[in-house]
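Just to be clear, the model below is a prediction. Sequence and coordinates:
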Amino acid sequence: MTDNLIYVAKVLLPGLILSIVTAILTVRLSLRRFYAERWWDRKIEAYTSIFEALYRLKHYCNMKYETDLGERQIPKEMNLEKQWADADMEIGKAIDIGSFVICDDAVSCLRDFRGRPRLDFEDHLIFELAAQESKYLDECISRLKTIAKQDLKLKRRNDANQLLHRTAESRADAASTIR
């Protein structure tokens, strides 16, 4: 009887130990992958909101430029100054707490943008100020695109476009679910 138990233990125990170790490793690897994907999702959300804020700043500059040249009238309900303030606050937030999610090079790029030399309001026309701001924004956006692609490990521009499209779709789905 004891010989049978010893035999059964010799046969079953290694398989049982192997199964337990395999299950533990599988769960750990799955959790690690899940957390890495969630972290990556947070990074793409952070970069997306930064690019959206930079675009709003650029839109503000373009509107001011066209208005000052008399090419366009800004409707009162548009409230460009609030849009500017909100976008500027988003950039400030990305600088202050963004290094928790985005890479240091991206934060440095945004700091450089924030510390850019500016023309004096007293000595220049609005369209000159807006043109200079637009130039700085273009440089910042271009540099940040490169940094974001490296940080997110995107190989091609197509990958980034597909990713942004999927992110926009998921945001739209979430918004429609909330409504």
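Thanks, I have the structure now.

Give me the residue at the spatial middle of this structure.
Computing the C-alpha centroid of the chain and ranking residues by C-alpha atoms, centre = their mean puts Tyr47 first, at 1.7 Å.

what's the burial count for the closest residue to Leu144 other than its chain neighbours?
Using C-beta to C-beta, 6 or more residues apart in numbering and skipping the chain neighbours, the partner closest in space to Leu144 is Cys109 (5.2 Å). C-betas here are computed from N, CA, C, even on glycine. Other residues lying near Cys109 total 24 when counted by other C-beta atoms under 10 Å.

Now name the helix or strand holding Cys109.
Assigned by DSSP states H and E, Cys109 falls within helix 104-114.

what about Arg42, distance to Phe100?
9 Å (C-beta to C-beta, to the nearest Å).

and Cys61, how many residues sit next to it?
24.

cool, and Tyr65?
Tyr65: 20 surrounding residues under other C-beta under 10 Å.

circling back: which one of Arg42 and Phe100 is surrounded by more residues?
Neighbour count, other C-beta under 10 Å: between Arg42 and Phe100, Arg42 has more, with 13 against 9.

dump the residue contacts of Ile102.
Lys43, Ala46, Tyr47, Ile50, Ala94, Ala148, Asp151 (C-beta atoms under 8 Å, 6 or more residues apart in numbering).

and the closest residue to the last one other than its chain neighbours, what are its phi and psi?
Spelled out, that is Asp151. Nearest non-adjacent residue to Asp151, counting by C-beta to C-beta, 6+ apart: Cys103, 4.3 Å away. Dihedral angles of Cys103 (phi, psi; degrees, to the nearest 10) stand at phi -70, psi 160.

And the helices in the chain, which stretches?
2-68, 80-97, 104-114, 126-151, 157-178 (DSSP state H).

Quick check: buried residues in the third one?
By 16 or more other C-beta atoms under 10 Å, the buried positions in helix 104-114 come out as Ala106, Val107, Cys109, Leu110, Phe113.

what residues are up against the second one?
Taking C-beta under 8 Å, 6+ apart, we find Val107 in contact with Ala94, Ile95, Gly98, Ser99.

If we ignore the residues flanking it in sequence, what's nearest it?
That would be Ser99: by C-beta to C-beta, 6+ apart, it lies 4.8 Å from Val107.

Kindly report the same for the first one.
Spatial nearest neighbour of Ala106, excluding adjacent residues (C-beta to C-beta, 6+ apart): Ile147 at 4.9 Å.

ok, that neighbour to Ala85 distance?
Taking C-beta to C-beta, one finds Ile147 at 25 Å from Ala85.
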